[in-house]
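**Q** curious how this folds, go ahead:
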Amino acid sequence: MTEIERIEDQIKRAYGGGAWHGPSLKESLAGVTAIQASGRPLSNSHTIWEIVNHLSAWTGVVIQRLRGQPLVEPAEGDFPEHDIPEHGNVDEAAWLAALAGLERNHEALLMEVAAMDNSSLNDACAGHSVSRYAHLHGTVQHYCYHAGQIALLKKM
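**A** Here you go, the predicted structure:
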């Protein structure tokens with residue numbers, strides 16, 4: 001197995017399941033309704049919906065950086081609030097669209113990784129001193145970190 005294949009495997013596990021640490025991001029999101037996703041059980045926390053938009057946006061940034069675009073932050077912001085209704089005035093279709101956007105960006109990232117060559121892993125991403133290797137492992141860590149947050153928010 002090549003290093004690219006190992007990284008791709010870790011991204012898939014952190015997102016979709018089979019991770020040793022516990023529930024993956026997708027497993028943590030399973031069964032979350034639009035009402036739950038828009039709820040803010042802690043006044044100073046992000047909602048699950050905001051976290052999903054955040055993950056989708058930043059996965060998109062990683063993709064663009066891997067493609068040579070020196071983005072600093074997502075165009076829509078760090079924690080995009082677009083299409084998030086007020087709690088209690090939710091739209092299940094909009095929530096499903098947010099989840100689908102995250103899924104699309106995750107799949108696009110996997111396609112980028114599959115097209116990469118092991119020799120490029122130490123190359124810095126466009127406009128950054130951080131390597132492609134660190135960006136990809138950072139994405140795994142990002143998925144795991146927010147999966148834990150989502151699991152806690154679901155319990156509240």
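
**Q** now for residue 96: which residues touch it?
**A** residue 34 (Cβ atoms under 8 Å, 6 or more residues apart in numbering). Where C-beta positions appear, they are placed from N, C-alpha and C, glycine not excepted.

**Q** distance of it relative to residue 77?
**A** 22 Å (Cβ to Cβ, to the nearest Å).

**Q** with residue 37 instead?
**A** 18 Å.

**Q** which of the two has more neighbours?
**A** Counting neighbours by other Cβ atoms under 10 Å for residue 37 and for residue 77 shows that residue 37 has the greater number, 26 against 12.

**Q** average pLDDT for the strand or helix carrying that one?
**A** Assessed by DSSP states H and E, residue 37 sits inside helix 34-38. What helix 34-38 shows for mean pLDDT is 91.

**Q** show me what the very next helix or strand once past it is packed up against.
**A** Tracing the chain past helix 34-38, the next element assigned as helix or strand by DSSP H and E is helix 48-66. Counting contacts by 3 or more Cβ pairs under 8 Å, 6 or more residues apart in numbering; DSSP states H and E, helix 48-66 packs against helix 25-29, helix 34-38, helix 92-115, helix 132-155.

**Q** any idea how far helix 48-66 is from the middle of the chain?
**A** With Cα atoms, centre = their mean, to the nearest Å as the basis, helix 48-66 stands 5 Å off its chain's centre.

**Q** now do that helix and helix 92-115, the angle between them.
**A** Going by axes from the mean of the first three to the mean of the last three Cα atoms, to 10 degrees, helix 48-66 is angled at 30 degrees with respect to helix 92-115.

**Q** that older thread, nearest to residue 54, of the helices and strands packed on helix 48-66?
**A** helix 132-155 (7.4 Å; Cβ to Cβ).

**Q** what packs against that closest one?
**A** helix 3-16, helix 25-29, helix 48-66.

**Q** ok, and what's touching the second one?
**A** Right, the one you point to is helix 25-29. Contacts of helix 25-29 (Cβ under 8 Å, 6+ apart): 14-17, 48, 52, 55, 99, 143-144, 146-148, 150-151, 154.
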